[in-house]
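Asker: Show me the folded form of this:
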Amino acid sequence: MSNVVFQNIVKQFPAAGGAPGGLAVQDLDLTIEEGSLVTLLGPSGCGKTTTLRMLAGFETPTSGRITIGGRDVTHLPVNARNVGMVFQSYALFPHMTVRQNVEYGAKLQNLSKAELNSRVDEMLETMALTPYADRAPSRLSGGQQQRVALARAVVTRPKVLLFDEPLSNLDAQLRERMRDELRAIQLRLGITSLYVTHDQSEAMAISDRVVVMRNGVVEQADTPMNVYARPGTAFVAEFMGKANILEGEVQEIGEATVRTRIAGASFELPRGPHPLRPGQRVRCVLRPEYLRIDPQGPLTATVKRVVFQGGHVEYLTEIGGQECTVTDAQYFHGGIAEQGRPLRLALDTRPVWMLADDQNTNALKAA
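Answerer: Predicted coordinates:
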């Protein structure tokens, strides 16, 4: 078993230069199931990298316990944890060839020469690096260097693989291709993995579960689908892609739906797991793709800004005094609306998600 468990983890950094110490991670409870890939996602300073470093052994928790496969590793040194790590900077040895870089960690395991060569050959083949085995890292592309770094981490056959924003140095097109490659390799090898990123689309594309953090606290931990479509807090909704959070008022509660007034129009919205009452103020999460331009639509918006994106047009609008982003992928039929023009909008209510109108609301459980 190589599941990872964080139990009641707190990380407090000591004061420096007279400044107060920082609480980087608070009361973290998290389980990474064997063979799965979990992504830590959040803005800079949210605690995601500190969490990764505690699992790697580069930082020690102030309190709490970390186990790998049931074994307590909280205070073990880095080299006693059997954890592989892929860094943002690749950290390849420039004076070594690709093959020498890949075999470096495995050499420390006192393998026989035959076993060492077999493992390295297998990794080079798996990462499509065999033709480049005798090249220096400087003669490789960014994507190839990233594969070398991954091969070096995996060749030691670690129980857990850690990724510290491994794609942030690549251009957008290569980053997308490498993202898919990393996920395919992780699935093929079946290694339990923890991945740190600040890129929402990257997290949704590769993860079995996404853990959204803010100020050292887990805001929500769930599947990519639920984190996007059923956010537990307004912060999660806004951080996970573009979200319109419009104020509404509960009018009537049914068995499966809640009649809610939004910007002067009434809608039957799905009833979530949290309790509601008539007259209660709620915040409704409407992704731009839930709205469409419709001359007969019940919502009236005013165009404030127009952004042409090629595949679609993005409108920043105002609905009932609230900002709302709308996307239109059919603009080639009806043309592009000008700034200041009113738009009538229809709403697909099925995926709309409601949050209780409470700034202190904690992450809500998905139904």
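
Asker: who touches residue 148 in this structure?
Answerer: 90, 92, 98, 101-102, 127, 129, 137, 140 (CB atoms under 8 Å, 6 or more residues apart in numbering). For glycine as for every other residue, the C-beta is placed from the backbone atoms N, C-alpha and C.

Asker: what do you get for residue 73?
Answerer: 57, 66-67, 80-81.

Asker: Export those to CSV and append columns for secondary structure and distance to residue 278.
Answerer: Below are the contacts of residue 73 laid out as CSV (DSSP: H, G, I helix; E, B strand; the rest coil; distance: CB to CB, whole Å):
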residue, secondary structure, distance to residue 278
57, coil, 54
66, strand, 47
67, strand, 47
80, helix, 59
81, coil, 55
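
Asker: any chance of the contacts of residue 148 in JSON lines, plus secondary structure?
Answerer: Listed next are the contacts of residue 148 as JSON lines, based on DSSP: H, G, I helix; E, B strand; the rest coil:
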{"residue": "90", "secondary structure": "coil"}
{"residue": "92", "secondary structure": "coil"}
{"residue": "98", "secondary structure": "helix"}
{"residue": "101", "secondary structure": "helix"}
{"residue": "102", "secondary structure": "helix"}
{"residue": "127", "secondary structure": "coil"}
{"residue": "129", "secondary structure": "coil"}
{"residue": "137", "secondary structure": "helix"}
{"residue": "140", "secondary structure": "coil"}
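
Asker: Out of the residues you listed, which is nearest to residue 256?
Answerer: For the contacts of residue 148, the closest approach to residue 256 (CB to CB) belongs to residue 127, at 49.4 Å.

Asker: I'd like the distance between the closest one and residue 198.
Answerer: 25 Å (CB to CB, to the nearest Å).

Asker: Who has more neighbours out of the two?
Answerer: residue 127 (23 against 17; other CB atoms under 10 Å).

Asker: pLDDT score for that one?
Answerer: We have a pLDDT of 87 for residue 127.

Asker: Please name the residues that touch it.
Answerer: By CB under 8 Å, 6+ apart, the neighbours of residue 127 are 147-148, 150-151, 185.

Asker: want to throw the residues you listed into TSV with secondary structure and distance to residue 302?
Answerer: TSV is the format used below for these (three-state DSSP; distance: CB to CB, whole Å):
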residue	secondary structure	distance to residue 302
147	helix	50
148	helix	53
150	helix	50
151	helix	55
185	helix	49
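
Asker: farthest pair in these?
Answerer: Checking the contacts of residue 127 with CB to CB, the most distant pair is 148 and 185, at 12.8 Å.

Asker: ok, which stretches of the stretch 151-300 of the chain are strands?
Answerer: Assigned by DSSP state E, counting those that start in this stretch, the stretch 151-300 of the chain shows strands spanning 160-164, 192-197, 209-214, 217-222, 244-253, 257-262, 265-270, 281-286, 291-293, 299-308.

Asker: Out of these, which is the most enclosed?
Answerer: Of the strands of the stretch 151-300 of the chain, the one with the most neighbours on average (mean count of other CB atoms under 10 Å) is strand 192-197, at a mean of 25.

Asker: Adding distance to residue 325, write the strands of the stretch 151-300 of the chain out as TSV.
Answerer: Compiled in TSV, the strands of the stretch 151-300 of the chain are given as follows (distance: least, CB to CB, whole Å):
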stretch	distance to residue 325
strand 160-164	31
strand 192-197	23
strand 209-214	20
strand 217-222	22
strand 244-253	6
strand 257-262	15
strand 265-270	18
strand 281-286	9
strand 291-293	9
strand 299-308	9
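
Asker: any chance of those strands in TSV, with distance to residue 133 and mean pLDDT too?
Answerer: Shown next, in TSV, are the strands of the stretch 151-300 of the chain (distance: least, CB to CB, whole Å; pLDDT from 0 to 100):
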stretch	distance to residue 133	mean pLDDT
strand 160-164	22	94
strand 192-197	25	96
strand 209-214	36	96
strand 217-222	40	96
strand 244-253	52	94
strand 257-262	61	96
strand 265-270	55	95
strand 281-286	50	93
strand 291-293	53	95
strand 299-308	46	96
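
Asker: among these, which is nearest residue 330?
Answerer: Of all the strands of the stretch 151-300 of the chain, strand 291-293 comes closest under CB to CB, at 7.7 Å.

Asker: quick one: contacts of the closest one?
Answerer: Against strand 291-293 from outside (CB under 8 Å, 6+ apart): 244, 299, 324, 326-328, 330, 334, 337, 343-348.

Asker: Where neighbours are concerned, which of the residues you listed has the most?
Answerer: Tallying neighbours with other CB under 10 Å puts residue 326 at the head of the contacts of strand 291-293, with 25 neighbours.

Asker: Which strand residues bridge that residue?
Answerer: residue 315 (DSSP bridges).

Asker: Same check on residue 12?
Answerer: residue 23.

Asker: isn't it right up against residue 23?
Answerer: Yes: between residue 12 and residue 23 there is a contact under CB atoms under 8 Å: 5.3 Å.

Asker: What ranges in the protein fall below the confidence cut-off?
Answerer: 1, 16-21, 356-367 (pLDDT under 70).
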